[in-house]
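Colleague: Structure, please.
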Amino acid sequence: MNDDAGASTRCWSARAAFFFAAMAAAVPVLFAGVLGTVGLLVVGSGGVVVTVSALYWFLTTHGPLRWVSVAIAVLTPIVVFVLFVRAHLLWVVLVACAATLLTVVCARAALRGRNPQETATEYPAPPAFHPFLIMNPRSGGGKVAKFDLRRKAEELGAEVVMLEGPDTIDVVTVAREAVARGADLLGVAGGDGTQALVAGVAAEHHLPFLVISAGTRNHFAMDLGLDRADPAACLDALRDGVELRVDLGRINGQPFVNNASFGVYAEIVRSPAYRDDKTATVVRLLPDLLAGHTGTRLRARIGDATVEGPQAILVSNNPYGNSDLAGLGRRDRLDRGVLGAVTLSVSSTREAVGLMRRTRGHGLTQRTAIEVVVDADTSQIPVGVDGESLIFDTPVRCVVEPVALRVRVPRDRPGIRLAAPAIDWTQLLDIARRPQAGSIAGNARRPD
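Modeller: This next block holds a predicted model:
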């Protein structure tokens with residue numbers, strides 16, 4: 001799509017967003033009247049507040065009240081639905097909701113091209129004469145064997161070591177020994193935790209690092225734009241690859257490529273019962289952790305700001321999108337040279353409801369910094385680092401090393417999908433009012 005066509009499409013998308021927004025507001029007034037619209041808003045918003053409050057009670061209480069809360073959370077939407085049906089206004093609600101959804105879709109389509117982000121710079125990749133790969137045959141449910149990764153890698157000239165021993169095998173020592181023998185590229189087919197450890201060795205020796213998406217979630221591979229459905233495609237980087245320079249996170253000196261989580265999640269994952277029954281362990285431990293009866297009290301210093309007593313902290317190697325608060329989504333770039341930091345503090349029903357507004361005044365903060373320090377009232381705390389549960393001495397210091405890691409990726413790869421932009425009505429109005437790019441150019445060329 002050329003610039004003129006792209007500008008025109010964004011312009012009409014912005015106008016469509018305003019049209020559907022007006023429809024979402026007008027339909028209830030036209031067909032339900034002013035009083036009916038007020039009633040819809042009261043019943044609908046009240047139902048949301050009651051449901052969220054009930055879910056919060058379920059997460060923070062024990063005994064009969066917990067199960068009463070479940071019943072309230074389930075019954076409230078049903079009651080709201082019945083009230084809308086009896087008032088013959090259900091179709092009005094559905095039309096307004098559909099118009100609201102279309103508003104969001106059109107607005108994001110218009111804003112996505114407003115400030116196009118530059119893609120990561122690609123650098124020429126000199127051939128690797130002694131690539132060394134570590135493969136975990138258990139990772140991702142056996143993807144190494146399923147995709148025949150060892151044979152394919154060896155055919156491309158790589159030395160492959162399989163982690164067939166105990167879980168305690170020291171992959172850092174294995175990687176360093178390979179470097180001492182002359183390895184000029186290091187790579188991993190496994191989970192993000194193993195990826196991070198070997199990436200740290202590659203960064204120390206200024207060697208290229210190869211990511212093979214053979215883990216379970218492959219978040220790092222996703223944010224590099226690699227093919228997560230076919231790990232073997234990552235091996236194409238050995239014969240036709242380019243390099244990306246990305247940041248590397250460090251937590252008390254240990255490398256991480258995705259994120260480190262503190263607080264509730266880290267405490268739950270630390271429990272020995274978590275691996276046997278995740279759901280039951282969460283239900284059993286969460287009330288006391290959220291109420292502060294168990295676990296440690298945390299304090300986070302994010303750049304110049306300090307957050308006291310958050311229940312959860314997520315520190316990421318480059319920030320996640322604004323719509324992602326749990327580190328389960330995407331990072332548009334891995335070379336911004338900053339950490340992303342999200343803190344969550346919910347100590348009351350009011351604050352739980354306030355989280356829906358996603359504002360700093362209601363228990364949620366989102367910041368970026370080059371350093372995040374997490375302290376606690378104990379000498380050690382559990383931390384989830386790239387999916388692994390670890391114990392660190394306090395204070396725990398997280399820093400970012402800008403463009404410290406040379407990542408070798410295939411020249412031909414799926415690429416990244418940018419996170420949805422936040423809706424900015426001022427920008428939308430500017431886009432909707434702006435003439436098409438083609439007409440501007442035409443006017444400039446028209447003779448007097």
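Colleague: can you map out the helices along the stretch 1-150 of the chain?
Modeller: Assigned by DSSP state H, counting those that start in this stretch, the stretch 1-150 of the chain shows helices spanning 3-60, 64-86, 90-112, 143-146, 149-155.
Colleague: in the protein, what secondary structure element scores lowest on mean pLDDT?
Modeller: Least confident helix or strand, the chain: helix 437-445 with a mean of 42, by mean pLDDT, DSSP states H and E.
Colleague: Please name whichever of the helices of the stretch 1-150 of the chain is nearest to Tyr265.
Modeller: Closest to Tyr265 of those, according to C-beta to C-beta: helix 3-60, at 13.2 Å. (C-beta placed from N, C-alpha, C; glycine too.)
Colleague: now the closest one, how far from the chain's geometric center?
Modeller: 26 Å (C-alpha atoms, centre = their mean, to the nearest Å).
Colleague: That one vs helix 64-86, what angle?
Modeller: 130 degrees (axes from the mean of the first three to the mean of the last three C-alpha atoms, to 10 degrees).
Colleague: In the chain, where is pLDDT below threshold?
Modeller: Where the chain drops to pLDDT under 70, the residues are 1-5, 113-118, 165-168, 271-295, 322-329, 347-362, 418-420, 435-448.
Colleague: can you list the domains in it?
Modeller: According to the TED database, the chain is divided into the following domains: 1-112, 124-240, 259-403.
Colleague: can I get those domains in a markdown table with mean neighbour count?
Modeller: What follows is these, written out as a markdown table (neighbours: other C-beta atoms under 10 Å):
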| stretch | mean neighbour count |
| --- | --- |
| domain 1-112 | 16 |
| domain 124-240 | 19 |
| domain 259-403 | 18 |
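Colleague: Out of these, which is closest to Ile423?
Modeller: Across the domains of the chain, the minimum distance to Ile423, taken as C-beta to C-beta, is reached by domain 1-112, at 4.8 Å.
Colleague: one step back: do you know which of the domains of the chain lies nearest Ile251?
Modeller: Here domain 259-403 is closest among the domains of the chain (C-beta to C-beta), at 5.0 Å.
Colleague: that older thread, among the helices of the stretch 1-150 of the chain, which comes closest to Ile313?
Modeller: helix 3-60 (18.2 Å).
Colleague: in the stretch 301-448 of the chain, which spans are strands?
Modeller: For the stretch 301-448 of the chain, the strands defined by DSSP state E, counting those that start in this stretch occupy 305-308, 312-317, 339-344, 364-369, 371-376, 380-385, 388-393, 396-410.
Colleague: want to throw the ones you listed into a markdown table with distance to Ile423?
Modeller: Shown next, in a markdown table, are the strands of the stretch 301-448 of the chain (distance: least, C-beta to C-beta, whole Å):
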| stretch | distance to Ile423 |
| --- | --- |
| strand 305-308 | 26 |
| strand 312-317 | 23 |
| strand 339-344 | 20 |
| strand 364-369 | 16 |
| strand 371-376 | 28 |
| strand 380-385 | 32 |
| strand 388-393 | 36 |
| strand 396-410 | 29 |
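Colleague: Go through those and name the closest to Leu226.
Modeller: Using C-beta to C-beta, the nearest of those to Leu226 is strand 396-410, at 6.4 Å.
Colleague: Next, the angle from that closest one to strand 371-376.
Modeller: Per the same axes, to 10 degrees, the angle that strand 396-410 makes with strand 371-376 is 130 degrees.
Colleague: So which of the helices of the stretch 1-150 of the chain is nearest Ile381?
Modeller: With C-beta to C-beta, the closest approach to Ile381 among those belongs to helix 3-60: 21.5 Å.
Colleague: Tell me the helices and strands packed up against that closest one.
Modeller: Here helix 3-60 touches helix 64-86, helix 90-112, helix 278-291, helix 349-354, helix 425-433, helix 437-445, going by 3 or more C-beta pairs under 8 Å, 6 or more residues apart in numbering; DSSP states H and E.
Colleague: Taking their axis directions, that helix and helix 90-112 sit at what angle?
Modeller: Using the same axes, to 10 degrees: helix 3-60 against helix 90-112 is 120 degrees.
Colleague: Settle this for me: Ala432 is touching Arg10, isn't it.
Modeller: No. Applying C-beta atoms under 8 Å as the test, Ala432 and Arg10 come out as separate, 9.1 Å apart.
Colleague: Touching both of these two, which residues are there?
Modeller: Residues touching both Ala432 and Arg10 by C-beta atoms under 8 Å, 6 or more residues apart in numbering: Ala110.
Colleague: Quick check: beta-bridge partners of the closest residue in space to Thr394 that isn't next to it in sequence?
Modeller: Using C-beta to C-beta, 6 or more residues apart in numbering and skipping the chain neighbours, the partner closest in space to Thr394 is Ala376 (4.9 Å). Note on Ala376: beta-bridge partners by DSSP bridges are Leu298.
Colleague: Contact partners for Ala376?
Modeller: 296-299, 394-395.
Colleague: What distance do you get for it to Thr296?
Modeller: 4 Å (C-beta to C-beta, to the nearest Å).
Colleague: Would you pull up how far stretch 64-71 lies from the middle of the chain?
Modeller: 31 Å.
Colleague: contacting residues around it?
Modeller: Residues contacting stretch 64-71 (C-beta under 8 Å, 6+ apart): 54-55, 57-58, 61, 287.
Colleague: again, only using 10 Å
Modeller: 53-61, 283, 287 (C-beta atoms under 10 Å, 6 or more residues apart in numbering).
Colleague: Would you mind giving those residues as JSON lines with distance to Glu164 added?
Modeller: Shown next, in JSON lines, are these (distance: C-beta to C-beta, whole Å):
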{"residue": "Ser53", "distance to Glu164": "51"}
{"residue": "Ala54", "distance to Glu164": "49"}
{"residue": "Leu55", "distance to Glu164": "44"}
{"residue": "Tyr56", "distance to Glu164": "46"}
{"residue": "Trp57", "distance to Glu164": "48"}
{"residue": "Phe58", "distance to Glu164": "44"}
{"residue": "Leu59", "distance to Glu164": "41"}
{"residue": "Thr60", "distance to Glu164": "44"}
{"residue": "Thr61", "distance to Glu164": "46"}
{"residue": "Val283", "distance to Glu164": "36"}
{"residue": "Pro287", "distance to Glu164": "41"}
